[in-house]
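Undergrad: Please work out how this folds:
(one chain, ligands or ions: 1)
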Amino acid sequence: MSDDELGDTQRMMLANGWCPDCGAGLLPGPRGGAAQNFYCSERTTCREGFNLTFHSGKLAFAQRIGEVDDERFKLYARDDGQ
Ligand SMILES: [Zn+2]
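TA: All right, here's what the predicted structure looks like:
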């Protein structure tokens, strides 16, 4: 949605599985090659999504993908326990 740059703190939160906007946990979404989409689990006010690429366990690239709609979120929301 926004063109906000993801700074060091935000990238650190993403690397640890937290949404940098609201602090909620991230839900792993579809993977494509080395990149994977992650959806914020806070669905009332945030709904943000991110595309993350990890190399050797370190976050190499992070990009906002904007608001995630309910249908897309539900496809990956089955494992709520962890
Ligand atoms: Zn969030």
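
Undergrad: Find the nearest non-adjacent residue to the residue nearest the centre of the chain, please.
TA: By CA atoms, centre = their mean, the chain has its centre lying nearest to Phe38, at 3.0 Å. Nearest residue to Phe38 in three dimensions, chain neighbours excluded: Leu26, at 4.0 Å (CB to CB, 6 or more residues apart in numbering). All C-beta atoms are positioned from the backbone trio N, CA, C, and that covers glycine.

Undergrad: Kindly report the same for Asp70.
TA: Excluding its sequence neighbours, the residue lying closest to Asp70 (CB to CB, 6+ apart) is Arg43, at 7.6 Å.

Undergrad: likewise Phe73?
TA: Closest residue to Phe73 apart from its sequence neighbours, by CB to CB, 6+ apart: Tyr39 at 5.4 Å.

Undergrad: give me every residue that touches that neighbour.
TA: By CB atoms under 8 Å, 6 or more residues apart in numbering, the contact list for Tyr39 reads 26-27, 29, 47-49, 68, 72-73, 76.

Undergrad: The ion contacts on this protein?
TA: Counting by CB under 5 Å from the ion, the chain comes close to the ion at 19, 21-22, 24, 40, 42, 46, 48.
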